[in-house]
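Chemist: My questions concern the predicted model and sequence given below.
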Amino acid sequence: MLTVHHLGRSQSERIVWLCEELGIPYELKCYARAPLLAPADYKALHPIGAAPVITDGDLVLAESGAIVTYIIARYGEGRLALTYGHPDFAQFIYWFHFANGTLQASMLRSMTLGRLKLAADDPAMVTAKGRLDRGFDLVEARTGEAPYFAGEEFTSADIMMGFSLTTMRYFLPYDLAPFPNLRAYLQRIGSRPAYRRAMEKGDPGMTLLLA
(Lines give C-alpha, C1' and ligand atoms only; values in the text may rest on other atoms or scores of the structure.)
Protein backbone atom coordinates (compact mmCIF):
# COMPACT_ATOMS: atom_id res chain seq x y z
CA MET A 1 0.00 0.00 0.00
CA LEU A 2 1.24 3.44 -0.94
CA THR A 3 1.36 5.60 2.19
CA VAL A 4 1.51 9.38 2.08
CA HIS A 5 2.99 10.91 5.21
CA HIS A 6 1.44 14.36 5.31
CA LEU A 7 2.78 17.16 7.48
CA GLY A 8 0.14 19.84 7.94
CA ARG A 9 0.52 22.98 5.81
CA SER A 10 3.45 21.62 3.85
CA GLN A 11 4.54 20.59 0.38
CA SER A 12 3.20 17.11 1.08
CA GLU A 13 -0.26 18.45 0.20
CA ARG A 14 0.90 18.06 -3.41
CA ILE A 15 1.11 14.31 -2.96
CA VAL A 16 -2.33 14.00 -1.38
CA TRP A 17 -3.78 16.07 -4.23
CA LEU A 18 -2.00 13.94 -6.84
CA CYS A 19 -3.37 10.72 -5.38
CA GLU A 20 -6.88 12.17 -5.34
CA GLU A 21 -6.58 13.32 -8.96
CA LEU A 22 -5.40 9.88 -10.03
CA GLY A 23 -8.03 8.13 -7.92
CA ILE A 24 -5.54 5.56 -6.67
CA PRO A 25 -5.72 3.73 -3.33
CA TYR A 26 -3.40 5.14 -0.69
CA GLU A 27 -3.13 5.43 3.06
CA LEU A 28 -2.87 8.92 4.50
CA LYS A 29 -0.99 9.48 7.74
CA CYS A 30 -1.22 13.03 9.05
CA TYR A 31 1.29 14.70 11.35
CA ALA A 32 0.91 17.98 13.21
CA ARG A 33 3.71 20.53 13.39
CA ALA A 34 5.45 20.75 16.76
CA PRO A 35 4.89 23.68 16.94
CA LEU A 36 6.34 24.92 13.63
CA LEU A 37 8.71 22.20 12.42
CA ALA A 38 8.00 18.54 11.75
CA PRO A 39 7.63 16.36 14.87
CA ALA A 40 10.25 13.79 15.75
CA ASP A 41 8.29 10.82 14.36
CA TYR A 42 8.04 12.57 10.98
CA LYS A 43 11.73 13.50 10.91
CA ALA A 44 12.57 9.86 11.61
CA LEU A 45 10.95 8.72 8.35
CA HIS A 46 13.78 9.92 6.10
CA PRO A 47 17.32 11.27 6.69
CA ILE A 48 16.39 14.68 5.24
CA GLY A 49 13.72 15.05 7.94
CA ALA A 50 11.38 17.18 5.83
CA ALA A 51 8.04 16.85 4.07
CA PRO A 52 6.93 15.21 1.88
CA VAL A 53 7.69 11.54 2.39
CA ILE A 54 6.00 8.45 1.01
CA THR A 55 6.46 4.78 1.71
CA ASP A 56 5.54 2.16 -0.86
CA GLY A 57 6.45 -1.33 0.22
CA ASP A 58 10.13 -1.17 1.15
CA LEU A 59 10.60 2.16 -0.64
CA VAL A 60 10.97 5.36 1.36
CA LEU A 61 11.06 8.42 -0.88
CA ALA A 62 11.30 12.15 -0.18
CA GLU A 63 11.32 15.32 -2.35
CA SER A 64 7.99 16.32 -3.83
CA GLY A 65 9.10 16.43 -7.47
CA ALA A 66 10.64 12.98 -7.19
CA ILE A 67 7.55 11.60 -5.45
CA VAL A 68 5.18 13.04 -8.05
CA THR A 69 7.30 11.60 -10.86
CA TYR A 70 7.44 8.20 -9.14
CA ILE A 71 3.71 7.96 -8.46
CA ILE A 72 2.81 8.98 -12.01
CA ALA A 73 5.28 6.49 -13.47
CA ARG A 74 4.08 3.63 -11.28
CA TYR A 75 0.37 4.35 -10.90
CA GLY A 76 -0.57 7.11 -13.32
CA GLU A 77 -1.10 5.09 -16.51
CA GLY A 78 -0.05 8.06 -18.61
CA ARG A 79 -2.16 10.62 -16.76
CA LEU A 80 -1.12 14.09 -15.53
CA ALA A 81 2.22 14.12 -17.36
CA LEU A 82 3.19 15.03 -20.91
CA THR A 83 5.85 13.18 -22.85
CA TYR A 84 8.32 14.24 -25.51
CA GLY A 85 6.54 14.84 -28.78
CA HIS A 86 3.54 16.51 -27.19
CA PRO A 87 3.39 20.17 -28.32
CA ASP A 88 3.25 21.35 -24.69
CA PHE A 89 5.99 19.07 -23.38
CA ALA A 90 8.54 21.86 -22.91
CA GLN A 91 6.05 24.03 -21.03
CA PHE A 92 5.12 21.07 -18.87
CA ILE A 93 8.66 20.28 -17.75
CA TYR A 94 9.52 23.97 -17.36
CA TRP A 95 6.68 24.74 -14.95
CA PHE A 96 6.99 21.40 -13.17
CA HIS A 97 10.56 22.33 -12.22
CA PHE A 98 9.98 26.09 -11.88
CA ALA A 99 7.78 25.36 -8.87
CA ASN A 100 10.59 24.26 -6.56
CA GLY A 101 13.60 25.29 -8.60
CA THR A 102 12.70 28.98 -8.75
CA LEU A 103 9.43 30.05 -7.13
CA GLN A 104 9.52 28.03 -3.92
CA ALA A 105 13.23 28.71 -3.51
CA SER A 106 12.64 32.46 -3.91
CA MET A 107 9.82 32.40 -1.38
CA LEU A 108 11.91 30.52 1.16
CA ARG A 109 14.80 32.93 0.67
CA SER A 110 12.55 35.93 1.22
CA MET A 111 10.95 34.31 4.25
CA THR A 112 14.34 33.60 5.82
CA LEU A 113 15.67 37.10 5.18
CA GLY A 114 12.46 38.60 6.54
CA ARG A 115 13.00 36.82 9.85
CA LEU A 116 16.42 38.47 10.11
CA LYS A 117 14.59 41.83 10.24
CA LEU A 118 16.90 43.43 7.70
CA ALA A 119 16.17 46.91 6.42
CA ALA A 120 13.98 47.08 3.33
CA ASP A 121 16.86 48.60 1.35
CA ASP A 122 19.35 45.94 2.41
CA PRO A 123 20.97 44.60 -0.80
CA ALA A 124 20.07 41.00 0.06
CA MET A 125 16.44 41.96 0.67
CA VAL A 126 16.24 44.00 -2.52
CA THR A 127 17.72 41.18 -4.58
CA ALA A 128 15.45 38.56 -3.04
CA LYS A 129 12.33 40.68 -3.47
CA GLY A 130 13.21 41.46 -7.07
CA ARG A 131 13.66 37.79 -7.91
CA LEU A 132 10.41 36.85 -6.22
CA ASP A 133 8.49 39.64 -7.92
CA ARG A 134 9.83 38.56 -11.33
CA GLY A 135 8.69 35.03 -10.57
CA PHE A 136 5.15 36.15 -9.84
CA ASP A 137 5.17 38.39 -12.91
CA LEU A 138 6.09 35.37 -15.02
CA VAL A 139 3.32 33.32 -13.42
CA GLU A 140 0.82 36.09 -14.14
CA ALA A 141 1.89 36.18 -17.78
CA ARG A 142 1.62 32.41 -18.15
CA THR A 143 -1.81 32.17 -16.54
CA GLY A 144 -2.99 34.78 -19.02
CA GLU A 145 -1.77 32.70 -21.96
CA ALA A 146 -3.29 29.32 -21.08
CA PRO A 147 -5.78 27.85 -18.59
CA TYR A 148 -3.10 25.63 -17.04
CA PHE A 149 0.66 25.85 -16.76
CA ALA A 150 1.38 23.24 -19.43
CA GLY A 151 -1.33 24.62 -21.71
CA GLU A 152 -4.90 23.46 -22.25
CA GLU A 153 -4.50 20.35 -20.08
CA PHE A 154 -4.32 20.10 -16.29
CA THR A 155 -1.12 18.26 -15.36
CA SER A 156 1.14 17.57 -12.42
CA ALA A 157 2.86 20.88 -13.20
CA ASP A 158 -0.24 22.53 -11.75
CA ILE A 159 -0.03 20.33 -8.67
CA MET A 160 3.61 21.32 -8.18
CA MET A 161 2.88 25.02 -8.64
CA GLY A 162 -0.27 24.99 -6.53
CA PHE A 163 1.35 24.79 -3.10
CA SER A 164 3.68 27.75 -3.71
CA LEU A 165 0.81 29.89 -4.95
CA THR A 166 -1.55 28.99 -2.10
CA THR A 167 -0.54 27.40 1.22
CA MET A 168 3.01 28.75 1.10
CA ARG A 169 1.51 32.22 1.50
CA TYR A 170 0.70 31.30 5.10
CA PHE A 171 4.46 31.45 5.67
CA LEU A 172 5.23 34.31 3.29
CA PRO A 173 2.20 36.52 2.61
CA TYR A 174 2.16 37.84 -0.94
CA ASP A 175 -0.47 40.22 -2.29
CA LEU A 176 -2.16 38.80 -5.39
CA ALA A 177 -4.30 41.88 -6.05
CA PRO A 178 -2.11 42.97 -9.02
CA PHE A 179 -2.44 39.52 -10.65
CA PRO A 180 -5.95 38.96 -12.08
CA ASN A 181 -4.86 36.07 -14.31
CA LEU A 182 -3.30 34.24 -11.40
CA ARG A 183 -6.35 34.80 -9.21
CA ALA A 184 -8.61 33.40 -11.94
CA TYR A 185 -6.28 30.41 -12.25
CA LEU A 186 -6.48 29.73 -8.51
CA GLN A 187 -10.25 29.68 -8.75
CA ARG A 188 -9.99 27.07 -11.52
CA ILE A 189 -7.76 24.72 -9.60
CA GLY A 190 -9.55 25.42 -6.33
CA SER A 191 -12.84 24.25 -7.80
CA ARG A 192 -11.45 20.84 -8.74
CA PRO A 193 -13.15 18.12 -6.65
CA ALA A 194 -9.86 16.27 -6.14
CA TYR A 195 -8.20 19.40 -4.76
CA ARG A 196 -11.09 19.97 -2.36
CA ARG A 197 -10.99 16.36 -1.19
CA ALA A 198 -7.22 16.45 -0.72
CA MET A 199 -7.26 19.63 1.33
CA GLU A 200 -10.12 18.47 3.51
CA LYS A 201 -8.37 15.17 4.19
CA GLY A 202 -4.92 16.64 4.78
CA ASP A 203 -5.70 19.98 6.40
CA PRO A 204 -9.36 19.92 7.48
CA GLY A 205 -10.81 23.31 8.29
CA MET A 206 -7.86 25.27 6.91
CA THR A 207 -8.83 28.37 4.97
CA LEU A 208 -7.65 27.87 1.38
CA LEU A 209 -5.65 30.79 0.01
CA LEU A 210 -7.22 30.89 -3.43
CA ALA A 211 -7.32 34.68 -3.82
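Modeler: The structure has been received and is ready for your questions.

Chemist: Let me see the confidence value for residue 118.
Modeler: Model confidence at residue 118, given as pLDDT, is 89.

Chemist: Tell me, how many residues neighbour it?
Modeler: By other Cβ atoms under 10 Å, 14 other residues sit near residue 118. No exception for glycine: its C-beta is placed from N, CA and C like everyone else's.

Chemist: dump the residue contacts of it.
Modeler: Residues in contact with residue 118 (Cβ atoms under 8 Å, 6 or more residues apart in numbering) are 124-125.

Chemist: just the strands in this structure please.
Modeler: Ranges of strands in the chain, per DSSP state E, are 2-7, 27-31, 53-56, 59-62.

Chemist: looking at the ones you listed, which is closest to residue 116?
Modeler: Nearest to residue 116 among the strands of the chain is strand 2-7 (24.6 Å), distances taken as Cβ to Cβ.

Chemist: The longest helix along the chain - contacts with which helices or strands?
Modeler: In the chain, taking DSSP state H as the definition, the longest helix is helix 123-145. Where contact means 3 or more Cβ pairs under 8 Å, 6 or more residues apart in numbering; DSSP states H and E, helix 123-145 is packed against helix 105-115, helix 180-190.

Chemist: who touches that helix?
Modeler: Under Cβ under 8 Å, 6+ apart, the answer for helix 123-145 is 95, 98, 102-103, 106-107, 109-110, 113-114, 118-120, 149, 161, 165, 174, 178-179, 181-182, 184-185.

Chemist: what do you get for stretch 161-180?
Modeler: 9-11, 13-14, 17, 64, 95, 98-100, 103-104, 107-108, 110-111, 114, 132, 136, 139-140, 143, 149, 182-183, 186, 189-190, 195, 203, 206, 208-211.

Chemist: Can you tell me which of those are buried?
Modeler: Neighbour counting by 16 or more other Cβ atoms under 10 Å classes 9-11, 13-14, 17, 64, 95, 98-100, 103-104, 107-108, 110, 132, 136, 139-140, 143, 149, 182-183, 186, 189-190, 195, 203, 209-210 among those as buried.

Chemist: For the closest residue to residue 43 other than its chain neighbours, give me phi and psi.
Modeler: Once flanking residues are discounted, residue 43 sits nearest to residue 49: 3.8 Å by Cβ to Cβ, 6 or more residues apart in numbering. The phi and psi values for residue 49, taken as degrees, to the nearest 10, are phi 70, psi 20.

Chemist: correct me, but residue 49 touches residue 38?
Modeler: Yes - Residue 49 lies in contact with residue 38 (Cβ atoms under 8 Å); the separation is 6.5 Å.

Chemist: of these two, who's got more company?
Modeler: Of the pair residue 49 and residue 38, residue 38 is the one with more neighbours under other Cβ under 10 Å, namely 22 against 14.

Chemist: Quick one: mean pLDDT for stretch 193-202?
Modeler: On average, stretch 193-202 scores 98.

Chemist: In that stretch, which residues are buried?
Modeler: 194-195, 198-199, 201-202.

Chemist: Alright, that wraps it up for me.
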